[in-house]
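Student: Below are the sequence and a predicted model; questions follow.
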Amino acid sequence: MSQETILIVDDIPQNLQILGQVLSQEGYRVAVATNGLQALDVAAKVVPDLILLDVMMPEMDGFEACRRLKKIDELVNVPVIFLTARNSTEDVVAGFEVGAVDFISKPFINVELLARVRTQVRINTLMKELEQKNKELEEKAVHDDLTGLFNHGYMFERLSYCQQLSWRYHTPLSVIMFDLDHFKQVNDTYGHQVGDTVLQKVSNVIKNAVRQVDIAGRYGGEEFMIICPETSLENTFMLAERIREEIANTLMGVEGLTVTISGGVAESHENEPVERLFNRADELLYKSKHSGRNMISC
Ligand code: GH3
Ligand code: MG
Ligand code: MG
Ligand code: MG
């Protein structure tokens with residue numbers, strides 16, 4: 001089990017010692033600070049799982065320290081429990097207002113303090129897991145499972161956005177549409193599993209060929225799309241050619257199997273609807289198909 005770190009902040013060394021002992025015995029790792037300023041410093045370094053914060057301290061009191069902690073991105077979600085001899089209703093309310101999750105009066109009862117700490121650490125752990133899951137889901141929602149490229153929905157979202165930027169800043173924007181040649185035959189001859197592997201290998205060629213700022217996606221079945229911001233038609237054509245050639249020269253993992261790809265490249269026009277730009281690239285792709293495949297048209 002991972003060991004959680006609790007930061008104890010108190011200006012009286014004896015308090016730190018007693019609290020430190022109580023928490024260590026429960027298996028927590030303990031960090032300490034003796035005033036608000038130092039607390040900010042230590043918190044930034046250790047990023048604790050919880051902070052037990054005194055209110056009355058020299059240099060910077062607990063309320064101000066908490067207010068500042070809540071403005072720091074890495075620390076905003078660290079739960080803060082005030083642990084103080086100040087226990088008027090106003091103090092308690094002020095504590096919650098600056099962002100605390102709980103308020104304990106001194107002198108405290110060990111088992112009660114530990115129960116409150118455990119509860120907040122547990123909630124915090126759940127929150128972190130949820131945040132992580134959320135991130136994973138967000139990633140999954142924009143990617144294609146088989147190839148790891150961006151998916152159809154995301155490509156169109158990004159294309160619209162890139163168009164807005166290109167119109168506003170008068171920078172070029174180009175798109176490539178690709179479609180594998182006679183891919184049905186690959187499936188029919190070698191089976192769908194080999195077909196899937198081909199799609200993955202082709203995707204890897206595309207991923208390795210594009211720049212960091214290019215956006216590569218799987219448009220559908222065996223169709224791919226690349227958005228090239230700030231790239232002229234000529235340069236985008238060269239990229240598409242490079243990818244076409246590379247794919248034609250890539251061994252697809254089965255003896256004797258190579259595949260080719262056809263493509264169409266179009267540059268965005270000002271105020272052109274996204275569908276029209278896409279259709280132009282698609283028409284050029286079909287021109288390549290009709291002209292014999294394994295070629296790029298622009
Ligand atoms: P063309 O050169 O004219 O594009 O011929 P094609 O055979 O590639 O075109 P067609 O549209 O007739 O066939 C596309 C094939 O792509 C049919 C479909 O089974 C296959 N396909 C689409 N998605 C996948 C996939 O995820 N995995 C596999 N293995 N095959 C797929
Ligand atoms: Mg104090
Ligand atoms: Mg197709
Ligand atoms: Mg095809």
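Tutor: Received it, and whenever you're ready, just let me know what you need. Ligands and ions are numbered 1, 2, ... in the order given.

Student: Show the backbone phi and psi for residue 262.
Tutor: When read as degrees, to the nearest 10, the backbone of residue 262 gives phi -110, psi 150.

Student: Do you have the helices of the chain handy? List them.
Tutor: 13-25, 36-46, 62-69, 89-97, 110-142, 152-169, 183-190, 192-209, 233-248, 274-290 (DSSP state H).

Student: Quick one: residues contacting residue 79.
Tutor: By CB atoms under 8 Å, 6 or more residues apart in numbering, the residues touching residue 79 are 49, 50, 51, 101, 102, 120, 121, 123, 124. Quick note: C-beta positions are derived from backbone N, CA and C, even for glycine.

Student: Pairing partners for the closest residue to ligand 3 within the chain in the sheet, please.
Tutor: Residue nearest to ligand 3 within the chain (CB to the ion): residue 179, separated by 4.5 Å. Residue 179 has these beta-bridge partners by DSSP bridges: residue 223, residue 262.

Student: Wait, it touches residue 287, no?
Tutor: No: applying CB atoms under 8 Å as the test, residue 179 and residue 287 come out as separate, 11.8 Å apart.

Student: With neighbour numbers in mind, choose between these two.
Tutor: Shown here are residue 179 and residue 287; by other CB atoms under 10 Å, residue 179 has more neighbours (21 against 15).

Student: quick one: contacts for the more buried one?
Tutor: Going by CB under 8 Å, 6+ apart, the list of residues near residue 179 reads 222, 223, 224, 261, 262, 263, 285, 289.

Student: Output the residues you listed as TSV; include the columns pLDDT and neighbour count.
Tutor: TSV is the format used below for the contacts of residue 179 (pLDDT from 0 to 100; neighbours: other CB atoms under 10 Å):
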residue	pLDDT	neighbour count
222	97	21
223	98	17
224	98	26
261	98	28
262	98	25
263	98	28
285	98	23
289	98	18
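
Student: pLDDT weak spots in the stretch 51-200 of the chain?
Tutor: Counting by pLDDT under 70, not a single residue of the stretch 51-200 of the chain qualifies.

Student: Close to ligand 3: what parts of it are there?
Tutor: residue 179 (CB under 5 Å from the ion).

Student: Share the number of residues neighbouring residue 270, please.
Tutor: 8.

Student: which residue packs closest to it, ignoring adjacent ones?
Tutor: Counting by CB to CB, 6 or more residues apart in numbering, the nearest residue to residue 270 once its immediate chain neighbours are dropped is residue 167, at 5.3 Å.

Student: Pull up the gap between the one you found and residue 173, please.
Tutor: 9 Å (CB to CB, to the nearest Å).

Student: closest point of the stretch 101-250 of the chain to ligand 2, which residue?
Tutor: Residue of the stretch 101-250 of the chain nearest ligand 2, by CB to the ion: residue 106 (8.9 Å).

Student: Could you measure from that residue over to residue 58?
Tutor: In terms of CB to CB, residue 106 sits 17 Å off from residue 58.

Student: related to what we said a few turns ago, which one of the contacts of residue 79 is nearest to residue 239?
Tutor: Taking CB to CB as the measure, residue 239 sits nearest to residue 124 out of those, at 46.7 Å.

Student: residues touching the closest one, list them.
Tutor: With CB under 8 Å, 6+ apart, residue 124 has these contacts: 49, 50, 77, 78, 79.

Student: one step back: burial-wise, tell me which of the helices of the chain comes out on top.
Tutor: Greatest average neighbour count among the helices of the chain goes to helix 62-69 (a mean of 22), per mean count of other CB atoms under 10 Å.

Student: what's next to it, contact-wise?
Tutor: 9, 36-37, 39-40, 43, 51, 53-56, 75-76, 78, 80, 82, 84, 94-95, 98-100.

Student: Could you restrict these to the ones contacting ligand 2?
Tutor: Answer for those near ligand 2 (CB under 5 Å from the ion): 54, 56.

Student: before we move on, the earlier item: sort out which one of the contacts of residue 124 lies nearest ligand 1 for me.
Tutor: residue 77 (39.9 Å; CB to the nearest ligand atom).

Student: If we ignore the residues flanking it in sequence, what's nearest that closest one?
Tutor: residue 127 (6.6 Å).

Student: Also residue 100?
Tutor: In space, and not counting its chain neighbours, residue 100 is closest to residue 80: 4.7 Å by CB to CB, 6+ apart.

Student: ok, that neighbour to residue 55 distance?
Tutor: Applying CB to CB to residue 80 and residue 55 gives a distance of 11 Å.

Student: ok, now residue 73?
Tutor: Taken as CB to CB, the span from residue 73 to residue 55 is 25 Å.
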